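J.: What follows is a predicted protein model with its sequence.
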Amino acid sequence: MNLQPSGARYSRITGTGSHLPPRRLSNADMVDMLAQRDIETSNEWIVERTGIQARHFAAEGVNSSDLALIASQAALASAGRTAADVDLIIVATSTPDMVFPSTACILQHKLGVHGCPAFDLQAVCSGFVYALSVADAMVRGGSARCALIVGAEVFSRILDFNDRTTCVLFGDGAGAVILEASDEPGILATDLHADGRHVGVLCTPGTVSGGHVLGDPLLKMDGPAVFKLAVGVLDSAARAVLAKAGRTEADVDWLIPHQANIRIMHSTARKLKLPLEKLIATVHEHGNTSAASVPLALDEAVRSGRVKRGDTVLLEGVGGGFTWGAALLDF
Ligand code: ACO
């Protein structure tokens, strides 16, 4: 292993990976599924309002850690590392395998290693950007040199298939990166926020108590309220992270925002005066995969040859909490 000494000036992404479960549901499949419950939706409505054409659902018995494992193995291979090199594991998820232990500990076991710190981070759709920021601080602080950061979700498990306003929007998947200590930039700046006044606009309010599920364990969202909040905070977080890094919009080669709705993504790009050619969009094929959406889109952009070494990339997350944040990096 040829790692920089801990306490390096920067952390840098050295590998990416992702995984989508094989079961793909087109909008036509969702129309059929909902029709069986006498609920009407249409391909036209879903595409026009969200840009989504398909999503992937994990098979029964396949959990977030299973998707995370495949994404992690791909990220390790692309970084030229093995699981034994990893000295920190963070899994961003709102759909953990169990109440406890963490999905990160389960993933560590499935990777066949032990000993390094492993924990989950819960910031819903902002989870990956939050996790990247935490790992960046730990790497620069010297407590990790080779971090595995994963966003992994099985949102299909918490969808209410009687609620057409939410169940057509989400999908399952995982994305991962390897973040290593480096003397070359790297993560340039991060900017994280939360506003708990908006807990109710997007939540899965159920919990486990006394051996029962207490409250409703299915996702609730006030879509228009989330839409309005998202458009505002994605713009402010982008500007804040650029200012922190001493860069401007003109320096951004690629914008990779949370993949929830193409209209929110276009609005973010327009406000930043970025041409749509610089926007990485996978929402049409993935739906909203919550914490997995940003690393899934990043990996797809890297593997398709769009994001290259040295490119400046702006990542943005927004979601339940309300949480939001951005990370600017030289890839
Ligand atoms: N099929 C057909 N019609 C539908 C559907 C559907 N699947 N869903 C809603 N409609 C109808 C509504 O009933 C409503 O009909 P009405 O006017 O007769 O009452 C009409 O379409 C418009 O509904 P709105 O909710 O106002 O539609 P809107 O244009 O706001 O789009 C959407 C809804 C797509 C949810 C949008 O608000 C959105 O994307 N919000 C943001 C979601 C987001 O960004 N989430 C990110 C975080 S996710 C996380 O953290 C887990």
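T.: Received, thanks.

J.: now the helix or strand containing residue 28, how far from the chain's geometric center?
T.: Residue 28 is located in helix 27-35, with elements delineated by DSSP states H and E. Helix 27-35 sits 26 Å away from the centroid of its parent chain (Cα atoms, centre = their mean, to the nearest Å).

J.: Flag every buried residue along it.
T.: 27, 30-31, 34 (16 or more other Cβ atoms under 10 Å). Bear in mind the C-beta positions are built from the backbone N, C-alpha and C, glycine included.

J.: Just put these in CSV and tack on pLDDT and distance to the ligand.
T.: Below are these laid out as CSV (pLDDT from 0 to 100; distance: Cβ to the nearest ligand atom, whole Å):
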residue, pLDDT, distance to the ligand
27, 98, 9
30, 98, 8
31, 98, 9
34, 98, 8
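
J.: hmm, which two among those residues are most spread apart?
T.: Greatest spatial distance in these: 27 and 34, 10.4 Å, computed using Cβ to Cβ.

J.: Identify the contacts common to those two.
T.: residue 168 (Cβ atoms under 8 Å, 6 or more residues apart in numbering).

J.: Could you break the protein into its assigned domains?
T.: Recorded structural domains for the chain (assignment: automatic domain parsing) are 10-182, 187-330.

J.: which other helices and strands contact the longest helix along the chain?
T.: When the chain is parsed with DSSP state H, its longest helix is helix 223-245. Applying 3 or more Cβ pairs under 8 Å, 6 or more residues apart in numbering; DSSP states H and E, one finds that helix 223-245 contacts strand 187-194, helix 262-271, strand 312-319, strand 323-330.

J.: Show me the one of these that comes nearest residue 50.
T.: Of all these, the one in closest proximity to residue 50, counting by Cβ to Cβ, is helix 262-271 (6.6 Å).

J.: now the closest one against helix 223-245, angle please.
T.: Put simply, helix 262-271 runs at 30 degrees to helix 223-245, going by axes from the mean of the first three to the mean of the last three Cα atoms, to 10 degrees.

J.: Moving C-terminal from helix 262-271, which element do we reach first?
T.: Next helix or strand after helix 262-271 toward the C-terminus (DSSP H and E): helix 283-286.

J.: circling back: please work out which of the domains of the chain is packed deepest.
T.: domain 10-182 (a mean of 21; mean count of other Cβ atoms under 10 Å).

J.: Residue numbers of the stretch 151-300 of the chain in contact with the ligand?
T.: Residues of the stretch 151-300 of the chain lying close to the ligand (Cβ under 6 Å from any ligand atom) are 164-165, 168, 202, 223-224, 226-227, 230, 260-261, 264, 288, 290.

J.: Out of these, flag the one nearest to residue 157.
T.: Once Cβ to Cβ is applied, the member of those that ends up nearest residue 157 is residue 290, at 11.7 Å.

J.: List the contacts of the closest one.
T.: Neighbour list for residue 290: 93-95, 124-125, 127, 151, 153, 155, 170, 319 [criterion: Cβ under 8 Å, 6+ apart].

J.: cool, and residue 303?
T.: Contacts for residue 303 (Cβ under 8 Å, 6+ apart) come out as residue 16.

J.: Could you measure from it over to residue 65?
T.: Taking Cβ to Cβ, to the nearest Å as the measure, residue 303 falls 23 Å from residue 65.

J.: hmm, back to that, quick one: residues in contact with the helix holding residue 28.
T.: So helix 27-35 is in contact with 25, 40-43, 46-47, 52-54, 161, 164, 167-168, going by Cβ under 8 Å, 6+ apart.

J.: what's downstream of it, the next helix or strand?
T.: helix 43-50.

J.: Between helix 27-35 and that following helix, find me the angle.
T.: Using the same axes, to 10 degrees: helix 43-50 against helix 27-35 is 110 degrees.

J.: if I look at residue 212, how far off is the ligand?
T.: Using Cβ to the nearest ligand atom, to the nearest Å, residue 212 is found at 24 Å from the ligand.

J.: For that residue, list each beta-bridge partner.
T.: Counting by DSSP bridges, residue 212 forms beta bridges with residue 209.

J.: Might you report the residue contacts of residue 111?
T.: Listed by Cβ under 8 Å, 6+ apart, the contact set of residue 111 reads 69, 72-73, 83, 86.

J.: Residue 252 touches residue 314, doesn't it?
T.: Yes: at 5.0 Å, residue 252 counts as touching residue 314 under the criterion of Cβ atoms under 8 Å.

J.: overlap in contacts of the two?
T.: Common neighbours of residue 252 and residue 314, using Cβ under 8 Å, 6+ apart, are 242, 328.
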